[in-house]
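Enquirer: Quick one, structure for this:
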Amino acid sequence: MVPIPEVTTRTGTRPVVRSALRAPLLAGAAVGAATLLVALRDPHARGSYGFCPLLELTGLACPLCGGLRATHDLAHLDLAGAWSANALWTVAAPVVVVLWLTWLLSAARGRPVKGLSSTAGWVTLGVALAFFVARNLPGLQPYLTPWL
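Expert: Alright, predicted model coming up:
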């Protein structure tokens, strides 16, 4: 069993865990509530959640286009539907869940959470830009563009 670290305050000694868990639990609750909303209200109905301005103005699908539909499909365990809506999010969503769980466990153990390096940010941006270009190429559109 992992010992619970403690910190001394003016009012006495209290576990660090409660305050350390606040941020990951609040983030998880917010994302869980948003996912529940998307799972209950089908974004496949056109206009149910608004529209993508870039898609409406230019006809180009941004890296986020189809993300709500993919989230809805993932919540209903429809991997094929999620992939057809947004392949990048279908792959990235489980990675985000694992990163959140790592954050939560680190907070529960009282260990400081190491931030992502700037390299990770640049790689993420590069992948998003490559996906943006690829999903708008005529030969790849049937495979990477969301079903609209």
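
Enquirer: and the gap between Leu129 and Ser84?
Expert: Taking Cβ to Cβ, to the nearest Å as the measure, Leu129 and Ser84 are separated by 21 Å. C-beta coordinates here come from the backbone N, C-alpha and C atoms, glycine included.

Enquirer: which of the residues in the host helix or strand of Thr90 are buried?
Expert: Taking DSSP states H and E as the criterion, the element that holds Thr90 is helix 87-108. By 16 or more other Cβ atoms under 10 Å, the buried positions in helix 87-108 come out as Ala87, Leu88, Trp89, Thr90, Ala92, Ala93, Trp103, Leu104, Ala107.

Enquirer: which SS state does Leu64 fall under?
Expert: Of the three states, Leu64 takes coil according to DSSP: H, G, I helix; E, B strand; the rest coil.

Enquirer: What count of nearby residues applies to it?
Expert: Using other Cβ atoms under 10 Å, Leu64 has 18 neighbouring residues.

Enquirer: Show me how far the biggest helix by length in the chain is from its chain's centre.
Expert: The residue-count maximum for a helix in the chain (DSSP state H) belongs to helix 17-40. Here the centre of helix 17-40 is set off from its chain's centre by 12 Å, with Cα atoms, centre = their mean, to the nearest Å.

Enquirer: what's the angle from that helix to helix 87-108?
Expert: Interaxial angle of helix 17-40 relative to helix 87-108 (axes from the mean of the first three to the mean of the last three Cα atoms, to 10 degrees): 160 degrees.

Enquirer: Please say which of Leu129 and Ser84 ends up with more neighbours.
Expert: Using other Cβ under 10 Å, the more surrounded residue of Leu129 and Ser84 is Ser84, with 20 against 11.

Enquirer: what separates that one from Asp78, distance-wise?
Expert: 9 Å.

Enquirer: ditto for Gly110
Expert: 39 Å.

Enquirer: Which one's more surrounded, these two?
Expert: Counted by other Cβ under 10 Å, Gly110 and Asp78 do not tie: Gly110 has more neighbours, with 17 against 14.

Enquirer: That one contacts Leu21, correct?
Expert: No - using Cβ atoms under 8 Å, Gly110 is not in contact with Leu21; the gap is 9.9 Å.

Enquirer: thinking again about what came up before, just the mean pLDDT for the next helix or strand after the longest helix of the chain, thanks.
Expert: Following helix 17-40 in sequence order, the next helix or strand is helix 53-58 (DSSP H and E). Summarised as a single mean, pLDDT over helix 53-58 is 90.
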